[in-house]
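**Q** I need the structure of the sequence given here:
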Amino acid sequence: PRSAAEAPPRAAAEDPPRRRRGPDGPAPGDRSYAKGIETPTSVTLEPIGVVSSPYAERHGTPRQATVDDPRVGKIKLRPDLKGTLQSLSGFDYVWVIAYMHLNTGWRPKVRPPRGPRVRHGVFATRAPHRPAPVSLSALKLVSVDEDALELTVQGLDLLDGTPVLDVKPYVPYADAFPAARAGWVDALDDDDDDTQTK
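**A** Below you'll find the model as predicted:
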């Protein structure tokens, strides 16, 4: 009988042909995974955490996130989200998507607190009362406690107890557009500049 060294090599089992995949899923142009799945008309999301904020009511809460406010708050994540904060401490800012649970009702057109008493479509404003009451805040990341599943942030414009839906790192090359137009807000800034120079 042949020794193991003399035995002819066993033919490798032929692998099934592999589908070329894109970076996040099926190959570009392949939408077979979506066939038969209807677009949902409603969604249910479970918060990933909750905000601990120095602001308990809307009066006195900043209308926009700002790093000029020295006060800090915390975002406490659910216990089952261990490991989700790894590598986040290397970022200076985070986007926080939250659910404005205290808001009721909305209007198609709103009058912003700044500028002339002119109404704009709600989607052309940052008004908190919206058809889908979610908020988007760019907050300064002060510290990350991976073991406690806790973020310390500065510049909060969120009330204490606000449910958090997601946290994403702020990436300047993708998130910053300094030369972008800001519609009717640009006109307000121009008026402010004229007032200060007169």
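**Q** what about the strands in this protein?
**A** In the chain, the segments counted as strands under DSSP state E are 21-22, 25-26, 49-52, 72-77, 93-99, 109-110, 120-121, 134-145, 150-154, 163-169.
**Q** Of all these, which one comes closest to residue 183?
**A** strand 120-121 (8.4 Å; C-beta to C-beta). C-beta: built from backbone N, CA, C; applies to glycine.
**Q** Can you name every helix or strand that that closest one contacts?
**A** strand 109-110 (3 or more C-beta pairs under 8 Å, 6 or more residues apart in numbering; DSSP states H and E).
**Q** hmm, back to that, how about JSON lines for the strands of the chain, with mean neighbour count added?
**A** Converted to JSON lines, the strands of the chain look like this (neighbours: other C-beta atoms under 10 Å):
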{"stretch": "strand 21-22", "mean neighbour count": "10"}
{"stretch": "strand 25-26", "mean neighbour count": "12"}
{"stretch": "strand 49-52", "mean neighbour count": "20"}
{"stretch": "strand 72-77", "mean neighbour count": "20"}
{"stretch": "strand 93-99", "mean neighbour count": "20"}
{"stretch": "strand 109-110", "mean neighbour count": "15"}
{"stretch": "strand 120-121", "mean neighbour count": "14"}
{"stretch": "strand 134-145", "mean neighbour count": "17"}
{"stretch": "strand 150-154", "mean neighbour count": "20"}
{"stretch": "strand 163-169", "mean neighbour count": "17"}
